[in-house]
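**Student:** Output the structure for:
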Amino acid sequence: MSNVYNVAVVVGSLRKASINRKVALALAELAPANLKLEIVEIGDLPLYNEDIDGDSPPAAYSTFRQKVGSSDAVLFVTPEYNRSVPAPLKNAIDVGSRPYGKSVWGGKPGAVISVSPGAIGGFGANQHLRQSFVFLNVPCMQQPEAYLGGAGTAFDESGKLSDTVKPFLQSFINAYGQFVEQHKK
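**Tutor:** You can find the predicted model right below:
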């Protein structure tokens with residue numbers, strides 16, 4: 001029997017009805033039995049500033065760090081803004097990586113899925129985020145890479161996941177479950 005691993009899911013879009021949030025929720029429903037996914041909110045994080053991150057950091061910093069720090073793994077679901085990750089996601093990465101030497105990211109098996117209504121599926125954001133994983137010491141699942149293009153059609157009007165997208169997401173989350181299992185042993 002496998003252990004159950006808590007996965008902090010960081011969604012790069014702040015919109016409550018964003019396609020990325022819908023994909024994150026769909027992945028949580030499709031997750032194999034060894035993964036428990038929970039979205040860790042990033043919208044209330046003040047912009048990272050070392051001046052306010054002293055002995056008494058903002059409560060939002062502390063809450064975010066505790067939630068990510070207590071997780072076993074991290075999964076990023078992100079749109080692409082200007083061929084990179086959205087500012088709130090970059091800010092969350094910075095908040096979690098500080099103070100220097102106390103990063104909450106280190107050693108947690110990670111994966112990224114980029115979601116975009118565009119044709120290339122957020123390739124730039126996906127690859128840019130993977131670059132950050134190197135510094136953060138987040139072992140990244142290499143395959144399958146996950147770029148969900150044309151994501152505007154991934155859900156119907158009632159919010160139901162499309163039968164054409166579901167197998168792709170199922171394959172991705174199953175592979176991630178195996179990746180986490182291998183890295184946590």
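**Student:** Quick check: buried residues in the stretch of helix or strand Gln178 belongs to?
**Tutor:** Secondary structure assignment for Gln178, by DSSP states H and E: helix 166-184. For helix 166-184, the neighbour count (16 or more other C-beta atoms under 10 Å) marks Phe168, Leu169, Gln170, Phe172, Ile173, Ala175, Tyr176, Gly177, Phe179, Val180, Glu181, His183 as buried. (Glycine included, C-beta is placed from N, CA and C.)
**Student:** Just list what it packs against, helices and strands only.
**Tutor:** Helix 166-184 makes packing contacts with strand 5-11, helix 19-30, strand 35-39, strand 73-78, strand 110-115, strand 146-148 when contacts are defined by 3 or more C-beta pairs under 8 Å, 6 or more residues apart in numbering; DSSP states H and E.
**Student:** Skipping its backbone neighbours, what lies nearest Gly118 in space?
**Tutor:** Gly149 (6.1 Å; C-beta to C-beta, 6 or more residues apart in numbering).
**Student:** so what's that neighbour up against?
**Tutor:** Ser116, Pro117, Gly118, Ala119, Ile120, Gly121, Gly122 (C-beta atoms under 8 Å, 6 or more residues apart in numbering).
**Student:** Report the separation between the residue nearest to Ile52 when sequence neighbours are not counted and Tyr81.
**Tutor:** Residue nearest to Ile52 in three dimensions, not counting chain neighbours: Pro58, with 6.1 Å by C-beta to C-beta, 6+ apart. For Pro58, the distance to Tyr81 equals 24 Å [C-beta to C-beta, to the nearest Å].
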